[in-house]
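Peer 1: Here's a sequence, model it:
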Amino acid sequence: MNGINGVIPLPSGPSPDFRSLLHAPAEFVELLPVAAYACDREGRVLWFNRLAEQLWGRAPRIGDPTERFCGSYGLYFDGRKISREETPMAQALATGEPVQGAEGIVERPDGSRIWAMVHILPVKNKDGAVIGAVNCFHDTREFHRMSAELRDKQDELEDFFENGAVPLHIVSGEGTILRANKAELDMLGYSRDEYCGRPITDFHADEGAISEILACLGRGEKIDRFPARLRAKDGSVRDVLITSSPRVRDGRFINTRCFTVDVTAEKAAEGRAAESEERYRQLLQALPAAVYTTDAQGRITYYNRAAAEMSGREPELGTDQWCVTWRLYKPDGTPLQHDECPMAITLKENRPIRGVEAIAERPDGTRIPFIPFPTPLHDSRGKLVGAVNMLVDISERKQAETSQIVLLKELNHRVKNNMQMLQALLVAAQRETVSTEARNVLADATRRIAAMAAAQKVLYEEDQPTSFLAQDFLKSVCEVAKSTFSDRADIVVEEAPGSISNDMAMPLALIVNELLTNAVKYSGKTQGSGPIRVGLSSDGADYRLWVQDDGPGFEFTRTHRKGSSGLGLVEGLARQLGGSFSVERNGGARCSVSFPHKGVGLQ
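Peer 2: Numbering: from 1, shown residues only. Take a look at the predicted model:
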């Protein structure tokens, strides 16, 4: 059928019956790719195809006057449900005018709804009277779905542009700002009207930078993180990095989208870091101590002037490893390989090293004793990235220690001589007195002075200025005490590991002397009986000095404190050491003095 002005014409000749005219061959109707139906002048449905039935969700009754104009269960146009007399088909039959592209919603009997678009052409006879109409309509749900998706994407793009966290603006090929998002306006402090529509060059602090940016974009080149400086409304200048891709059409630069990253804070932090690093380097250079750093592999990365002066050479950065010194030695003079030095251990074991000494040799042969303080360096994730070492020259300290040792030896020697003289005077007085009581008192005093002299002898002979070996100390005191007991006592010194500080020597010497004297006097020792044993041991937090015999033993009571000046002295000296005195009776007497570890280092 050829349509003229949207109206299907009737053929010339006798007037045909309108039903026959509007009836189409069934095969042809079913081949139509759209839903279709026809109505007579009164709007009664004459025929419809399968696609129409599927879209309606029902099959209308052909010729039924109650189902006029349309076969749908319900129709909605402009958001409201319409009656059959308001349908586009009724409009076309009433006016004789075609309806093209009207869209509404078809409601099915099951309640489902489908968007559909109708195209209605009236059919007229030769006199121009409307005798019916044909409606071709189709499902537009996919179109609506795609339109909704497109709107969603457009909304997303608009939201991305406007509310994105990164400042963004669009510049035309002529250099005019077309759009800017909220982040960019907030960054610079302008309103949209103050910023958009103006040349981008108005907001750049460096004319050369924006000229280069526009030139690159004009050539169709992308710029990535280009450094620039933008003027804010408050007069400040923001350091930014600009990334932009030009939009080119037919070889012509149309516009560009510019992402702007504000790095003002980072630039300021970099400046502060650079200043801090410079101050740090100046500080290290001003230090009188040798300081150097290495990477995780031990290669020297930095050294100050004191390090170069101490080593007598200029270390090679990135080449020299572990230490800035030319050669290394242990305190006893044996060679120390660089890969075994404290700095090497710090890097290999990832821990600081403290309390060791070494000797550095310069290329000219001079040697310097020093103490290293290597400390590992870590990044923010805790990964080892290197180490820093400070070398403290202890040459003057070593000289002072030598002088101190000489002075202490001289002092101890004089004290020892004075004690020996005092001991000789007491022995002479003991021989001359006729009083038994006085002789006993002088004998006790002589033994105590002898014990103190024995301790002083050990102080004089030891190489260490502040401590001495416990084993040597006990042997010396016991040998002197034994010489005063004639042949009545056999004294055995058990193993006594570790060392004792000088300030504890005299109290311990007097304690040993009194306990040995007590054991000889009151344990019934005779020639050939069991030995008296003396020892020093540790039971954890405290140390114990003990003297044991195999005599009858005794219980240490208040009576003993009053009647035995020796044991009372022991108890007082124990308190002086911060300890206590006790007696155990188990196959003899075991007298013990326990005192804290302060001043004593047992190995």
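Peer 1: correct me, but Asp472 touches Val458?
Peer 2: Yes: Asp472 lies in contact with Val458 (CB atoms under 8 Å); the separation is 5.6 Å. No exception for glycine: its C-beta is placed from N, CA and C like everyone else's.
Peer 1: When the two are compared, which one has more neighbours?
Peer 2: Comparing Asp472 with Val458 by other CB atoms under 10 Å, the one with more neighbours is Val458, at 23 against 17.
Peer 1: was I right about that one contacting Met506?
Peer 2: No: taking contacts as CB under 8 Å, Val458 lies outside contact range of Met506: 11.2 Å.
Peer 1: Show me the helices in the stretch 401-550 of the chain, by range?
Peer 2: Listed in chain order, the helices of the stretch 401-550 of the chain (DSSP state H, counting those that start in this stretch) span 436-461, 470-484, 505-522.
Peer 1: With respect to Ala165, which of the ones you listed lies nearest?
Peer 2: helix 470-484 (72.9 Å; CB to CB).
Peer 1: Show me what the closest residue to Ser537 other than its chain neighbours is bridged to.
Peer 2: Spatial nearest neighbour of Ser537, excluding adjacent residues (CB to CB, 6 or more residues apart in numbering): Arg544 at 5.4 Å. On the basis of DSSP bridges, Arg544 is bridged to Ser537, Ser594.
Peer 1: Before we move on, what's the pLDDT of Arg544?
Peer 2: Per-residue pLDDT puts Arg544 at 85.
Peer 1: ok, which stretches of the stretch 101-250 of the chain are helices?
Peer 2: Applying DSSP H, counting those that start in this stretch to the stretch 101-250 of the chain gives helices spanning 141-163, 182-188, 192-195, 207-218.
Peer 1: Nearest approach to Ser580 belongs to which of the ones you listed?
Peer 2: Nearest of those (CB to CB): helix 182-188, 76.6 Å.
Peer 1: Could you verify my assumption that Met452 touches Leu508?
Peer 2: No: counting by CB under 8 Å, Met452 sits too far from Leu508 to count as a contact (10.5 Å).
Peer 1: Please, which helix or strand holds the spatially most central residue of the chain?
Peer 2: Compute the mean C-alpha point of the chain, and by CA atoms, centre = their mean the closest residue is Arg381, 4.3 Å away. Under DSSP states H and E, no helix or strand contains Arg381.
Peer 1: Can you pull the phi/psi pair for it?
Peer 2: phi -100, psi 0 (degrees, to the nearest 10).
Peer 1: Out of the helices of the stretch 401-550 of the chain, which is the most enclosed?
Peer 2: For the helices of the stretch 401-550 of the chain, the largest average neighbour count (mean count of other CB atoms under 10 Å) is found in helix 505-522, namely a mean of 23.
Peer 1: That helix - what's its average pLDDT?
Peer 2: Confidence over helix 505-522 (mean pLDDT, whole number) is 82.
Peer 1: angle of that helix against helix 436-461?
Peer 2: 140 degrees (axes from the mean of the first three to the mean of the last three CA atoms, to 10 degrees).
Peer 1: orientation of helix 505-522 relative to helix 470-484 in degrees?
Peer 2: With the same axes, to 10 degrees defining the directions, helix 505-522 sits at 40 degrees from helix 470-484.
Peer 1: Return the alpha-carbon coordinates of helix 505-522 using CSV.
Peer 2: The C-alpha trace of helix 505-522 is given here as CSV (Å, rounded to 0.1, in the frame of the first residue of the first chain):
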residue,chain,number,x,y,z
ALA,A,505,87.7,-6.0,99.4
MET,A,506,88.3,-5.0,103.1
PRO,A,507,84.8,-6.0,104.4
LEU,A,508,85.1,-9.5,102.7
ALA,A,509,88.7,-9.9,103.9
LEU,A,510,87.6,-9.3,107.6
ILE,A,511,84.6,-11.6,107.2
VAL,A,512,86.8,-14.4,105.9
ASN,A,513,89.3,-13.9,108.6
GLU,A,514,86.6,-13.9,111.4
LEU,A,515,84.9,-17.0,110.0
LEU,A,516,88.2,-18.9,109.7
THR,A,517,89.2,-17.9,113.2
ASN,A,518,85.8,-19.0,114.5
ALA,A,519,86.1,-22.4,112.7
VAL,A,520,89.6,-23.0,114.1
LYS,A,521,88.7,-22.0,117.6
TYR,A,522,85.4,-23.7,118.1
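Peer 1: Can you list the helices and strands that that helix packs against?
Peer 2: Where contact means 3 or more CB pairs under 8 Å, 6 or more residues apart in numbering; DSSP states H and E, helix 505-522 is packed against helix 436-461, helix 470-484, strand 532-538, strand 542-549, helix 565-576, strand 589-596.
Peer 1: hmm, try it at 7 Å
Peer 2: Applying 3 or more CB pairs under 7 Å, 6 or more residues apart in numbering; DSSP states H and E, we find helix 505-522 packed against helix 436-461, helix 470-484, strand 532-538, strand 542-549, helix 565-576.
Peer 1: lowest-confidence stretch among the ones you listed?
Peer 2: helix 436-461 (a mean of 71).
Peer 1: could you say what helices and strands that one packs with?
Peer 2: Partner elements for helix 436-461 (3+ CB pairs under 7 Å, 6+ apart): helix 395-432, helix 470-484, helix 505-522.
Peer 1: rewinding a little: burial of the residue nearest to Ser537, as a residue count?
Peer 2: Counted with other CB under 10 Å, the neighbours of Arg544 add up to 15.
Peer 1: again, but for Pro227
Peer 2: Once other CB under 10 Å is used to define contacts, Pro227 is seen to have 12 neighbours.
Peer 1: ditto for Val324
Peer 2: Count around Val324 with other CB under 10 Å applied: 25.
Peer 1: and it, what pLDDT?
Peer 2: pLDDT, read off for Val324, is 92.
Peer 1: For the residue nearest to Ser537, list the residues it contacts.
Peer 2: 537, 592, 594 (CB atoms under 7 Å, 6 or more residues apart in numbering).
Peer 1: And for His338?
Peer 2: 321-323, 328, 344.
Peer 1: can you name the two of those residues that are farthest apart?
Peer 2: Among the contacts of His338, Gln321 and Leu328 lie farthest apart (CB to CB), at 12.4 Å.
Peer 1: list the contacts for the nearest residue to Gln91 once chain neighbours are set aside?
Peer 2: Of all residues not flanking Gln91 in the chain, Val99 sits nearest, at 6.2 Å (CB to CB, 6+ apart). Val99 makes contacts with 88, 91-92, 118, 120, as judged by CB under 7 Å, 6+ apart.
Peer 1: which of the residues you listed lies closest to Gly128?
Peer 2: Nearest to Gly128 among these, with distances taken as CB to CB, is Ala92, at 14.7 Å.
Peer 1: do you know how far the nearest residue to Glu86 once chain neighbours are set aside is from Phe69?
Peer 2: In space, and not counting its chain neighbours, Glu86 is closest to Phe77: 7.7 Å by CB to CB, 6+ apart. Counting by CB to CB, to the nearest Å, the gap from Phe77 to Phe69 is 13 Å.
Peer 1: Have a look at the two and say which one is more surrounded.
Peer 2: Neighbours were counted for Phe77 and for Phe69 using other CB under 10 Å; Phe69 has more, 25 against 15.
Peer 1: Quick check: that one touching Gly43?
Peer 2: Yes: because the distance of 4.3 Å satisfies CB atoms under 7 Å, Phe69 is recorded as touching Gly43.
Peer 1: overlap in contacts of those two?
Peer 2: In contact with both Phe69 and Gly43: 89-90, using CB under 7 Å, 6+ apart.
Peer 1: Backbone dihedrals for Ser236, please?
Peer 2: Given degrees, to the nearest 10, the pair of backbone angles that Ser236 has is phi -80, psi 160.
Peer 1: tell me the contacts of it?
Peer 2: Listed by CB under 7 Å, 6+ apart, Ser236 has no contact partners.
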